[in-house]
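K.L.:
Here is a sequence together with a model predicted from it:
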Amino acid sequence: MVVSNREPYQHSHAPDGRITWAPTTGGVAVALDALMRERGGVWIAHGSGDADRDVVDAGDCVAVPPDSPGYTLRRLWLSPEEATQYYEGFANEGLWPLCHEAHVRPIFRALDWDTYQTVNRRFAEVIESELPDRSAPVFIQDYHLALVAAKLRLREPGVKTALFWHIPWPSPDRLRICPWRRDLIAGLLGNDLIAFQIDRDRRNFLAAAREALGLEVTRNTVRMGNRIIAVKAVPIGVDYDRIQQIARDPAGETEMARLRQELGLDTPIVGVGVDRLDYTKGVLERLDALELLLERRPDLRDRMTFVQIGVPSRSTLPSYVDVVEAIDRKVADINARHGSGRGTIRYRKSALRIRRLVALYRLANFCVVSSLHDGMNLVAKEFVAAREDEGGVLVLSEMAGAAQQLHDALLINPYDVEGFASALEQAIDMPEDERRRRMHAMRRVVAGRNVFGWASDILEGLARLNPRSLPPVPGRAPGGFERKSVTRARMPREVKPS
């Protein structure tokens, strides 16, 4: 069982009255969907599509993926007030800036905290009602659901749960900003296993458990009463085999040509950036570096096009509105001062499906990931996975978790505009043999640490805590779990007509 705030598929009403569906955006949703398509089971998530209620059965379930069902999506409904206070309020105006050291002040309100507790309790109730049996492992995702395991433990003490915290965990000093930090830590310790992206976050959490709650900790455990909770660093990967399959598909050449035409890419040098429009992603810093590069190298104005894909996100929050407006102004200013009929910046505010995204990665001479602070950033790994030709250069922020693994990227400090611009110039001028050497090394890392290896490490770790109470994790084959081990999803009982 997977539990998350965001659902993997969303149903919507089309203008002509039809019900359409689409996978949700984001590397985490894609990664977990790959896991569930391989393993089968039940995924519990908030149903946010305007047609989501029209396609579920009497138990609020629907089979997904809609075109090739492999597991069950159980939707949970939130009122507009709950969504505002739990998701936009406590989770994204409070926890998100608290954990990302990106100079946006965290906002904590008592009403938001109350609603966050209520919604976490409702998730726990739904988990209890949907468990196929009490030995099924429950895999909870991220900062939206920090209290779920503790609330579930009150109802079902024997259920084994693991939580993966996808974003950074703050230092103990910064964590003190949160008025309910002790409750937050105690809620997370309701899990049997807690996993973070990198070792820094694991260390910060252990320090917080020791300092805020006075608990006994070791290098990878916390003792709470008579329970021992495992705490690990398990970096997430991408669905490497799926991206490889898309990259090798001959239809990809047609998609690349279509993108070239749509985006007006007729320059010999193409750079790309793919980000949610979030203040933590360093898009403004990236634009500053590109601007400086064009000032240093005016010859690039007719030779280089930079494609910025910006996926709208949390557009009701003032901090997000501000950054989107600033990016809009900066792009317009750069194009006005440095643009030519051929090159400079192409800015598109929409998500790309995986096939188009892979085609865009393959078009690029370089890809920029300039996070100011990030748990991992799967764009970096997706770009590497897509480059079967071993071409392209990854320019990667040392503030992103991916930098702990992808040592052959050009590592940059996004706050150092001079150094950032120099790295972009180095990426453009890099000799072919060096590009291939760097990309070959990074591809070995990404291939050896795919999404299935990530999930297997967490679920096997959970099973080892009490092997007799959990079914064995399926054997791992190269590239993922063996398909013969998949448990088929429970199909919906009575689908409403659409």
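P.N.:
Received it, and whenever you're ready, just let me know what you need.
K.L.:
how about the nearest residue to R438, chain neighbours excluded?
P.N.:
Beyond its immediate neighbours in the sequence, the residue positioned closest to R438 (CB to CB, 6 or more residues apart in numbering) is D408, lying 4.1 Å away. Quick note: C-beta positions are derived from backbone N, CA and C, even for glycine.
K.L.:
Could I get the contacting residues of that neighbour?
P.N.:
Contacts were defined as CB atoms under 8 Å, 6 or more residues apart in numbering; by that measure D408 touches R437, R438, M439, A441, M442.
K.L.:
what residues are up against V446?
P.N.:
G237, V238, Y240, K381, V384, A385, L406 are the contacts of V446 under CB under 8 Å, 6+ apart.
K.L.:
cool, and L76?
P.N.:
For L76, the residues meeting the contact criterion (CB under 8 Å, 6+ apart) are I44, A45, H46, G47, D60, R122, F123, V126.
K.L.:
can you rerun that using 10 Å?
P.N.:
Going by CB atoms under 10 Å, 6 or more residues apart in numbering, L76 touches 3, 5, 7, 44-47, 60, 119, 122-123, 125-127, 130.
K.L.:
Kindly provide the distance from it to I246.
P.N.:
In this view, L76 and I246 are 32 Å apart by CB to CB, to the nearest Å.
K.L.:
got the end-to-end distance for stretch 305-317?
P.N.:
Taking CA to CA, to the nearest Å, the span from the opening residue of stretch 305-317 to its closing residue is 31 Å.
K.L.:
Stretch 159-172 now?
P.N.:
This stretch, stretch 159-172, spans 30 Å end to end (CA to CA).
K.L.:
Equivalent analysis for stretch 89-106, please.
P.N.:
OK, stretch 89-106 end separation, CA to CA: 10 Å.
K.L.:
repeat for stretch 145-163
P.N.:
In terms of CA to CA, the two terminal residues of stretch 145-163 are separated by 9 Å.
K.L.:
returning to what we had before: can you lay out the contacts of V446 as a markdown table showing secondary structure and pLDDT?
P.N.:
What follows is the contacts of V446, written out as a markdown table (DSSP: H, G, I helix; E, B strand; the rest coil; pLDDT from 0 to 100):
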| residue | secondary structure | pLDDT |
| --- | --- | --- |
| G237 | coil | 93 |
| V238 | coil | 92 |
| Y240 | helix | 93 |
| K381 | helix | 97 |
| V384 | helix | 98 |
| A385 | helix | 97 |
| L406 | coil | 98 |
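K.L.:
could I get those as a markdown table with neighbour count and distance to V231?
P.N.:
As requested, the contacts of V446 are arranged in a markdown table below (neighbours: other CB atoms under 10 Å; distance: CB to CB, whole Å):
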| residue | neighbour count | distance to V231 |
| --- | --- | --- |
| G237 | 25 | 20 |
| V238 | 27 | 24 |
| Y240 | 25 | 27 |
| K381 | 30 | 24 |
| V384 | 30 | 28 |
| A385 | 26 | 29 |
| L406 | 24 | 24 |
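K.L.:
Please identify which pair of these lies farthest apart.
P.N.:
Of all pairs drawn from those, the one with the largest separation by CB to CB is Y240 and L406; the distance is 13.6 Å.
K.L.:
How about residues contacting stretch 251-270?
P.N.:
If you take CB under 10 Å, 6+ apart as the criterion, stretch 251-270 is touched by 246, 249, 300-307, 309, 340-344, 346-348, 352, 355-367, 386, 392, 427-429.
K.L.:
re the thing from before, out of the contacts of V446, flag the one nearest to R227.
P.N.:
The shortest separation between R227 and any of the contacts of V446 is 29.5 Å, and it belongs to G237 (by CB to CB).
K.L.:
pretty sure that closest one contacts L406?
P.N.:
No. Counting by CB atoms under 10 Å, G237 does not reach L406; the two are 11.7 Å apart.
K.L.:
which residues do these two both contact?
P.N.:
If you check G237 and L406 against CB under 10 Å, 6+ apart, the residues they both contact are K381, V445, V446.
K.L.:
how near is the first one to D52?
P.N.:
When CB to CB is applied, the distance between K381 and D52 equals 30 Å.
K.L.:
Tell me the pLDDT of the residue of the chain most remote from its centre.
P.N.:
Largest separation from the mean C-alpha position in the chain: D299, at 36.7 Å (CA atoms, centre = their mean). With respect to pLDDT, D299 has a value of 94.
K.L.:
Pick out the most distant pair among the contacts of L76.
P.N.:
Spatially, the most separated pair among the contacts of L76 is E7 and E125, at 17.8 Å (CB to CB).
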